[in-house]
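1. only geometry, no sequence info:
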C-alpha cells in the first residue's frame, strides 16, 4: 500500500551528537512536512518542502535542518540535540498543500 | 494571530453513545479543516475534512459541522466504540500556505 514511512521508529542519541531522521513516501506527493510533537501537545510544524522549495517556520531553531534529495525522501537533521529536543517527530505528505496531510508513524527521539 | 483550539481536554462517553468534540478557530484565512485521530504511539490518522464553503459533511459514523459565523466546528461520532478511544485534533488549513494549524487535542475515553 502507498504510505509514509519513517525510520527509525525509535532513536536514542547523546546530548550534542548529531542525528538524522528519515522519511520516505510512495504517494508521489509534492509536499513533505516535518512536525515536532511533545507529550500531550499538538504537532508543531518545523518546516516543509513544496517540491524542492524549502519553507522554514520562523520559530524553528537553527539546530534543525532538512534535506529533500528527491520526491520520495526527506531527512531531518538535528545538529546538536539538546534534552529539550526529545519528542516524537512526525513526517507528513500532501498532494499539493491544500488537501489532507498523510502522516507517518513518527520517530520517537530520546536524548541522553 | 492564528489559533485553533478545542474546548475540552478530555471527553468520557459510554460505549454506544454519540460523542461530540468541539473546536474553535480564530483564523478566517483557513479555507479547509481536518479532524485527525491519534492513538498512543502512532501518527495522526485522517478522519474527515470539510471545506469552508460547506457547513456539514458526513462520513462513516462521523459528521463534521462547520459554523463560520461563530468560527466553530465539531466532530460527531455515532455509536462510539472502544476503538474510538484516542486523542482527536482539529486543524485549520490554508490553500495559500499549504500549512495546517493544529488545535490542542481532546482525549476521548470510551467506557465499556
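-> Thanks, I have the structure now. Please read all numbers here as calculations on a predicted model, not as lab measurements.
2. Run through the residues of chain A sitting next to chain B.
-> Within chain A, the positions adjacent to chain B are A:4, A:6, A:31, A:40-45, A:48, A:50, A:90, A:92, A:94, A:96-98, A:100-106, A:108 by CB under 8 Å from any CB of the partner chain. For glycine as for every other residue, the C-beta is placed from the backbone atoms N, C-alpha and C.
3. Residue B:62 and residue B:50 touch, don't they?
-> No: Residue B:62 is not in contact with residue B:50 according to CB atoms under 8 Å; the separation is 11.0 Å.
4. How about the closest residue to chain A within chain B, nearest residue that isn't a chain neighbour?
-> Closest contact between chain B and chain A, by CB to the nearest CB, is at residue B:98 (2.5 Å). Leaving aside its sequence neighbours, residue B:98 sits nearest to residue A:97 (CB to CB, 6 or more residues apart in numbering or on different chains; 2.5 Å).
5. Isn't that neighbour up against residue A:50?
-> Yes: between residue A:97 and residue A:50 there is a contact under CB under 8 Å: 6.1 Å.
6. Quickly list what's touching both of these two.
-> Listed as contacting both residue A:97 and residue A:50 by CB atoms under 8 Å, 6 or more residues apart in numbering or on different chains are A:30-31, B:98.
7. Return the subset of the residues you listed lying in strands.
-> Per DSSP state E, strands hold the following members of the shared contacts of residue A:97 and residue A:50: residue A:31.
8. who wins for neighbours among the shared contacts of residue A:97 and residue A:50?
-> residue A:31 (21 neighbours; other CB atoms under 10 Å in any protein chain shown).
9. count of neighbours near the closest residue to it other than its chain neighbours?
-> Among residues not flanking residue A:31 along the chain, residue A:94 sits closest, at 4.3 Å (CB to CB, 6+ apart). Look at residue A:94: counted by other CB under 10 Å, it has 22 neighbours.
10. same deal with residue B:53?
-> Using other CB under 10 Å: residue B:53 sits among 9 other residues.
11. Likewise for residue B:37?
-> Residues within reach of residue B:37, counting by other CB under 10 Å, total 22.
12. Pretty sure it sits against residue B:86.
-> Yes: with contact defined as CB under 8 Å, residue B:37 reaches residue B:86; the gap is 4.8 Å.
13. tally of neighbours for the closest residue to residue A:40 other than its chain neighbours?
-> Closest residue in space to residue A:40, ignoring its immediate chain neighbours: residue B:105 at 7.8 Å, by CB to CB, 6+ apart. Taking other CB under 10 Å as the criterion, the count of residues near residue B:105 is 23.
14. Please apply the same query to the one 3 residues further on.
-> Under the neighbour criterion other CB under 10 Å, residue B:108 is assigned a count of 21.
15. Just the element for it, please.
-> strand B:106-111 (DSSP states H and E).
16. Tell me which other helices or strands the longest strand along chain B touches.
-> Looking across chain B with DSSP E, the single longest strand is strand B:86-94. Judged by 3 or more CB pairs under 8 Å, 6 or more residues apart in numbering or on different chains; DSSP states H and E, the packing partners of strand B:86-94 are strand B:4-6, strand B:19-25, strand B:32-38, strand B:72-77, strand B:99-102, strand B:106-111.
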